[in-house]
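**Q** Sharing a model that was predicted from the sequence below.
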Amino acid sequence: MSQNSAVKSPSLMGGMMIVAGTAIGAGMFANPTATAGIWYTGAMLVMLYTWYCMCVSGLMIMEVNQHYPAGASFNTLVKDLLGPAWNLFNGFAFVFVVYILLYAYIFVGGSVLQTWLAQAGITDSSVMASTLFMLVFALCVWWSTKAVDRLSTVLIVGMALTFLSTVTGLLSHLDIAVLLNQLPQAVGSEYMPYVWVALPVCLASFGFHMNVPSLMAYYQNDTQKVRISIIGGSLIAFAIYALWQTAVQGVLPRHEFAPVIAAGGDVAVLLQALSAYVSTDGLNETLNAFAFMAIVSSFLGVSLGLFDYMADLFKFGNSATGRLKSAAVTFVPPYIACILFPTGFVTVIGYVGLGAAIWTAVIPALLVFASRRRFPKTSANNSYLLKGGSVLIWFVLAFGIINILAQIFTQLGWLPSFHG
Ligand SMILES: N[C@@H](Cc1ccccc1)C(=O)O
């Protein structure tokens with residue numbers, strides 16, 4: 001048995017790709033706009049802080065997970081260690097985040113698709129484009145996990161190619177004065193007050209935590225492999241965001257973000273603003289293609305998670321009709337919300353940050369407190385112990401609470417927001 005699983009043990013690359021693939025998505029397109037206020041240096045510091053806390057909280061979930069049989073879900077851990085009330089709260093926060101993400105993906109995917117459909121002279125309707133986007137990719141999820149798997153592989157290859165060509169293209173237009181905000185318009189700029197708006201959006205972009213229990217199942221509770229997947233995968237995301245941030249904020253001056261912010265951070269508007277600064281048409285096309293593939297790959301990954309969650313919650317079964325019911329509860333609510341309330345993208349990602357802060361930071365910290373009490377150091381299956389003691393746990397807990405408050409206070413209008 002052990003020999004068999006050793007032979008079949010999935011590669012480390014696979015685990016890192018799962019983490020990076022989930023993390024890299026809509027959040028990435030919201031980051032440059034959400035960090036326009038603090039601008040480049042501030043953005044890099046916020047990203048570093050967020051990456052660190054999110055990576056550590058992923059490791060916390062893993063530390064807790066090792067005390068349970070491989071395959072134990074997030075639900076199992078929360079219910080067993082924190083009780084049914086926390087479990088309900090956690091489930092609610094999870095569904096909330098995934099619904100809002102799907103809403104954002106349909107919104108952004110639809111708007112990129114709309115550009116193409118309009119160019120092809122087919123239609124200019126945003127409702128048609130969003131509907132088409134939702135139907136095609138929801139069909140893949142309904143069809144089978146295998147279909148999603150195949151399509152995801154194609155998308156990752158496509159994303160790598162288009163990302164490299166776009167970023168190198170954009171970086172060739174890089175202007176250090178723009179990057180450091182030293183243009184004449186920037187005189188007297190303030191940065192610090194805008195840090196709060198940036199935090200939850202950045203948190204959302206580093207979310208991957210529903211993957212940790214799946215990775216523990218995948219690697220049969222091998223904490224060393226899961227640890228490398230979490231650290232490596234989140235570092236890949238960090239590297240890609242840093243490049244993207246440099247490419248966007250090094251080309252599009254800070255004051256030029258005004259129309260993008262006014263449009264709620266709409267990705268199509270951001271791409272349009274960028275295209276005014278880069279002369280080649282081809283670049284604009286590859287950028288659109290990259291954005292589209294990144295959105296589709298996250299749409300597939302995230303909706304598969306919710307699809308399985310709903311199937312399990314409502315006991316829908318795996319027949320074609322059972323899957324149709326699961327698909328309906330997964331896709332119809334965010335789709336309808338998207339058609340009825342097509343609002344600001346960055347605000348929506350801020351709400352993802354708010355909900356995700358609960359189960360990617362606060363709950364992992366509480367779980368690890370509880371699990372260290374329940375499973376003392378001497379127990380046999382305690383192979384992994386995150387260093388840093390309670391100080392680190394409090395640090396991550398504070399990170400989660402700061403993010404939650406930042407989003408609530410921003411929405412209440414108590415914190416300054418940058419308008420360009
Ligand atoms: N990081 C994902 C969103 C996400 C948030 C929270 C958990 C999982 C995924 C994105 O940017 O699209």
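**A** Yes, it's here.
**Q** Near the ligand, which residues of the chain are found?
**A** Applying Cβ under 6 Å from any ligand atom, one finds that the chain approaches the ligand through 22-23, 25-28, 97, 101, 204-205, 207-209, 298, 352, 356. Where C-beta positions appear, they are placed from N, C-alpha and C, glycine not excepted.
**Q** Now with 5 Å, please.
**A** By the rule Cβ under 5 Å from any ligand atom, the part of the chain lying against the ligand is Ala23, Gly25, Ala26, Gly27, Ala204, Ser205, Gly207, Ser298, Ala356.
**Q** what two of the residues you listed have the greatest distance between them?
**A** Using Cβ to Cβ, those span at most 13.3 Å, a distance reached by Ser298 and Ala356.
**Q** More neighbours: those two, which one.
**A** Ala356 (31 against 26; other Cβ atoms under 10 Å).
**Q** following the one helix or strand the more buried one maps to, which helix or strand shows up next?
**A** Assigned by DSSP states H and E, Ala356 belongs to helix 345-357. Where DSSP H and E defines the elements, the next helix or strand beyond helix 345-357 is helix 363-374.
**Q** What's the first helix or strand after that next one?
**A** helix 389-411.
**Q** Give the other helices and strands that that following helix contacts.
**A** Applying 3 or more Cβ pairs under 8 Å, 6 or more residues apart in numbering; DSSP states H and E, we find helix 389-411 packed against helix 39-65, helix 195-205, helix 345-357, helix 363-374.
**Q** hmm, back to that, which other residues reach the helix holding Ala356?
**A** 26-27, 29-30, 33-34, 93-94, 96-97, 100-101, 103-104, 107-108, 197, 199-205, 207, 209, 261, 264-267, 399-401, 403-404, 407-408, 410-411 (Cβ atoms under 8 Å, 6 or more residues apart in numbering).
**Q** of those residues, buried ones?
**A** 26-27, 29-30, 33-34, 93-94, 96-97, 100-101, 103-104, 107-108, 197, 199-205, 207, 209, 261, 264-267, 399-400, 403-404, 407, 410 (16 or more other Cβ atoms under 10 Å).
**Q** ok, the spatially closest residue to Trp39 that is not a sequence neighbour to the ligand distance?
**A** Nearest non-adjacent residue to Trp39, counting by Cβ to Cβ, 6 or more residues apart in numbering: Asn181, 5.0 Å away. Using Cβ to the nearest ligand atom, to the nearest Å, Asn181 is found at 25 Å from the ligand.
**Q** swap in Val212?
**A** As for Val212, its distance to the ligand is 11 Å (criterion: Cβ to the nearest ligand atom).
**Q** Just the element for the residue of the stretch 151-300 of the chain found nearest the ligand, please.
**A** In the stretch 151-300 of the chain, the residue that lies nearest the ligand is Gly207 (2.2 Å; Cβ to the nearest ligand atom). In the assignment (DSSP H and E), Gly207 maps to no helix and no strand.
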